[in-house]
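J.: Give me coordinates for this.
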Amino acid sequence: MKLFIDGYVFAHSPHGGIARYTRELVGHFSTAIDPVVLTLASRDGESGIEHPALKEVRVARFGFRPGRLAYAVEPWRCRWARWRTSADIIHPSYYETLERQPVRGSGAIVVTCHDMAHEKFPGELDRDGYWRAMKRRSLERADCILCVSQTTRDDLVAYYPALSARSRVVHLGSDSLPSNENESAPHHPWAFVYVGGRRGYKRFALAAEAIALAAKKMPVALRFHIVGNPLSPEERQRLHELGLSECLEVHENPSDPLLAALYRECGALLYPSCWEGFGFPPLEAARAGCIPLYSRANAAVVETLQGTGVCVTEDTPEAWADACIETSRRIERRDSSLAQAQTRAVTFRWEKTARATEAIYREVSG
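T.: So this is what the prediction gives:
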């Protein structure tokens, strides 16, 4: 079965969760799938997908001068590359394609709905409505919509009831992160890690304030690791005002082995986000031996962890600080909660996600 994937996400967010989803999904497909990935021939445009039958079609960025003209015709060159590729299934990596339009093509169309963030937080993520319109048009063109959790499907149906019959839940995988066998980091129960975006609903400010409160009560100096994009000057200033400059360490988009080592080193992951479509970090952390602390308001994480780990019931700095201290001090209780979270996490496997997706491909392709 020929599968065509538009690689928009590899050109625009190569280190994000959606790029990882696409790599893992295609990489775990059986040899019955012949994937063709359209990418931009630049350092950040390559997919990094590993599959024995993979064919990667690269369109050069700024392949000629003047650059503005090259940029203007780039979507037409991507469209021509798609026209030349026959496919049974078209499954774009995002709602917008490299053609700068919603998905289109002659094969059966499958679109993955990762979340409804633009609809839920328009003032924060989509002030002009661009992404909501792009997403809706792609979803409406899909023969099948894959929702990464039941929470995401419920959100989808709430905003677009007409799409209910075409939507299916296919949970993401969360295999163990690859590790460097030669690298062994000591475990520090007083070390905490925050992973992911830091805007608005992610509530990074809540995590920082909780760590600042916990630091005043703990008998030893704690460590606070931040994983993600570089800190802005405003974020650095706020962390300095909270007195966290000395215990802070920032890791800018680390490799998977380094992230696994960081999880093993830390006593707990702070994940105060009030909403997600799925939520990779809590499952990844649990599998690496780092207990996840998450908000009860985050329905998707509650769905995936099913009461394991540590669910913080009040979203205040004081409640989160207390959870950090409790987790660090009560080792036996923490280990018991971590073991339950690990048991739950291993049920989410990329191979399982790939098999379920392949079954849907066969169904919609006739």
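J.: need the contact list for Leu177.
T.: Contact analysis of Leu177 by C-beta atoms under 8 Å, 6 or more residues apart in numbering lists 256-257, 259-260, 263, 284, 287-288. In short, each C-beta sits where N, CA and C put it, glycine included.
J.: Recalculate using a threshold of 6 Å.
T.: By C-beta atoms under 6 Å, 6 or more residues apart in numbering, the residues touching Leu177 are 256, 259-260, 284.
J.: now do Met116
T.: Here Met116 is in contact with 155, 159 (criterion: C-beta under 6 Å, 6+ apart).
J.: how does it look with 7 Å?
T.: Contacts for Met116 (C-beta atoms under 7 Å, 6 or more residues apart in numbering) come out as 152, 155-156, 159.
J.: who wins for most neighbours among those residues?
T.: Compared across these, Thr152 has the highest neighbour count, 26 neighbours, by other C-beta atoms under 10 Å.
J.: Quick check on that one: phi, psi?
T.: phi -70, psi -40 (degrees, to the nearest 10).
J.: same deal with Met218?
T.: Residue torsions, per degrees, to the nearest 10, at Met218 are phi -80, psi 150.
J.: Strands along the stretch 51-200 of the chain, start to end?
T.: In the stretch 51-200 of the chain, the strands defined using DSSP state E, counting those that start in this stretch lie at 55-60, 89-90, 108-113, 144-147, 167-169, 188-195.
J.: Show me what the fifth one pairs with in its sheet, parallel or antiparallel.
T.: Read it as strand 167-169. Using DSSP bridges, the strands paired with strand 167-169 are strand 144-147 (parallel).
J.: export the partner strand as PDB, just CAs?
T.: The C-alpha trace of strand 144-147 is given here as PDB (Å, rounded to 0.1, in the frame of the first residue of the first chain):
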ATOM      1  CA  CYS A 144     -11.000   9.200   8.600                       C
ATOM      2  CA  ILE A 145      -9.800  11.300  11.500                       C
ATOM      3  CA  LEU A 146      -7.500   9.700  14.000                       C
ATOM      4  CA  CYS A 147      -7.900  11.200  17.500                       C
END
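J.: next one: that strand to chain centre, how far?
T.: Relative to its parent chain, strand 144-147 has a centroid offset of 17 Å by C-alpha atoms, centre = their mean, to the nearest Å.
J.: what comes into contact with that strand?
T.: With C-beta under 7 Å, 6+ apart, strand 144-147 has contacts from 110-113, 139, 153, 156, 163, 166-170, 357, 360, 364.
J.: try stretch 27-42
T.: Counting by C-beta under 7 Å, 6+ apart, 1-7, 10-11, 26, 45-47, 49-61, 78, 81-82, 85, 87, 98, 350-351, 354, 358 sit against stretch 27-42.
J.: out of these, which are buried?
T.: 1-7, 10-11, 26, 45-47, 49, 51, 54, 56-59, 61, 78, 81-82, 85, 87, 98, 350, 354, 358 (16 or more other C-beta atoms under 10 Å).
J.: Which ones among the contacts of Leu177 map onto helices?
T.: Within those, residues falling in helices by DSSP state H are 256, 259-260, 284.
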